[in-house]
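Undergrad: Fold the following, please.
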Amino acid sequence: SIVNENASVFFAADVAVAIQPKSGASFAVDEDSTLSNKDSLRYSGTGALLKGNNAFFGLQIAAALNSIGVSLSLYSDEIESLEVILQQSRRLLINYKQGMLFALTSQLTITLLVTLSSLLPLPDIFFSAYILWFFWVLVPLMLIPMMCTPAQNNIMELIPAKFDEENKSYYKKESKNTFFYILLRCLVNALLVLTIAIVALASISNVPLKSFFWQRDRLTFSSAAISATQALSYLGLAWILLWTGLTYLYRRNSIFQQAHNNYWWSFFAFTALCLEILYGEVIVQGQTDASEKLFTKFSWMLAPGWASWIIFLLSPIVIITVSESTKASDRVSHQKHMRRLRILFETKLGMWSPR
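TA: Sure, this is the predicted structure:
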């Protein structure tokens, strides 16, 4: 209960969980009981919190009891609702971390693409306008819906650990695994997109593939071939990021074991893919030199022939294989750490339990 003696304790806490009596309960509280340094609040006989003749809402009560700006009031007396709150809080935190990892992977992928394409005798495929489109449209469309990913099956079995000396070695190992986890994904994605670009450009321009690797000087291509290659490369990047985002929905759970129920992410990922096709059409049809236009509406998608589309179809297999291999080793290390934390928790619980 909140009385004059313990009001200062509630007010000093960063997070407070309090059970308020049901409306209609009668209890006596001094009218001068303070819940904050500014407001003098008191309870009425019906359980309402009053200041003078004004009643306060639940969020206003919670804000008076917490020193942080985020508060939550429960209007149910069932204890299961607290478990649901903890589960949803963990889900949101895990989804946020996965979303940030996906954003970092996307940024490093486009960085590697620009770097590797400049080392090869390729035209300027990834120009600044597309990079802005990539960062402000494509990535957010796949990133934001990740927050709606349902909780993983064993989310309430996870044991949080402090960053102390006992767990420092695990966190260092986890940071190293995460670094290689992201770096490997970025490298695979960049190589797949570059392969699509090189094969498409060679097929459209009738240039042998070895010319891209054993040629010191940059090759010259028509503006129509360059624009079609750009459109196909951007579509390939969106397609690869779509499958990469699918593997990022869960950090350690296999996509074959955890059901995919994030329908919002599926909708916006498909929308991003459709927008990428329209963006490619604008690039191809927006050439400055009208005499070099070789493609009618959306015909650029069929220009490179079957070779580029085989890479399109095989890229999800490569991405999922890399993801499952990295998740498998990380999952073993995480399960071992969880077993250790459970043993420590049960040991401390037994030591400090009343006999």
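Undergrad: Could you measure from Ala129 over to Gly236?
TA: 18 Å (Cβ to Cβ, to the nearest Å). Every C-beta, even on glycine, is put in place using the N, C-alpha and C of the backbone.
Undergrad: okay, the two: which has more neighbours?
TA: With neighbours defined as other Cβ atoms under 10 Å, Ala129 and Gly236 compare such that Gly236 has more, 24 against 10.
Undergrad: which residues does the more buried one contact?
TA: If a contact means Cβ atoms under 8 Å, 6 or more residues apart in numbering, then Gly236 has Leu192, Val193, Ile196, Ala197, Ser308, Ile311, Phe312, Ser315 as its contacts.
Undergrad: among the residues you listed, who's most crowded?
TA: Val193 (30 neighbours).
Undergrad: For burial, what's the neighbour tally of Leu219?
TA: Leu219, neighbours per other Cβ under 10 Å, totals 15.
Undergrad: Surely Glu83 and Met156 touch.
TA: Yes. Look at Glu83 against Met156 with Cβ atoms under 8 Å: they come within range, at 7.3 Å.
Undergrad: Spatially nearest residue to Arg90, not counting backbone neighbours?
TA: Ile155 (5.3 Å; Cβ to Cβ, 6 or more residues apart in numbering).
Undergrad: Do a quick rundown of the helices in the stretch 251-355 of the chain.
TA: With DSSP state H, counting those that start in this stretch as the criterion, the stretch 251-355 of the chain has helices at 263-285, 306-352.
Undergrad: Deepest-packed of these, please.
TA: helix 263-285 (a mean of 17; mean count of other Cβ atoms under 10 Å).
Undergrad: so where's the stretch 101-250 of the chain shaky on pLDDT?
TA: Scanning the stretch 101-250 of the chain for pLDDT under 70 picks out 162-164, 166, 213-218.
Undergrad: mind running it again at 90?
TA: Along the stretch 101-250 of the chain, segments meeting pLDDT under 90 span 116-129, 150-181, 198, 200-229.
Undergrad: Quick one: mean pLDDT for stretch 332-345?
TA: For stretch 332-345, the mean per-residue pLDDT is 84.
Undergrad: Please list the outside residues in contact with it.
TA: So stretch 332-345 is in contact with Glu157, Leu158, Ile159, Ala161, Glu166, Asn167, Tyr170, Lys173, Glu174, Asn177, Arg252, going by Cβ under 8 Å, 6+ apart.
Undergrad: Let's have the residues you listed in a markdown table, adding secondary structure, distance to Tyr263 and neighbour count.
TA: Formatted as a markdown table, those follow (DSSP: H, G, I helix; E, B strand; the rest coil; distance: Cβ to Cβ, whole Å; neighbours: other Cβ atoms under 10 Å):
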| residue | secondary structure | distance to Tyr263 | neighbour count |
| --- | --- | --- | --- |
| Glu157 | helix | 26 | 9 |
| Leu158 | coil | 25 | 13 |
| Ile159 | coil | 31 | 12 |
| Ala161 | coil | 33 | 16 |
| Glu166 | helix | 41 | 12 |
| Asn167 | helix | 36 | 16 |
| Tyr170 | helix | 35 | 17 |
| Lys173 | helix | 35 | 13 |
| Glu174 | helix | 31 | 16 |
| Asn177 | helix | 30 | 15 |
| Arg252 | coil | 22 | 16 |
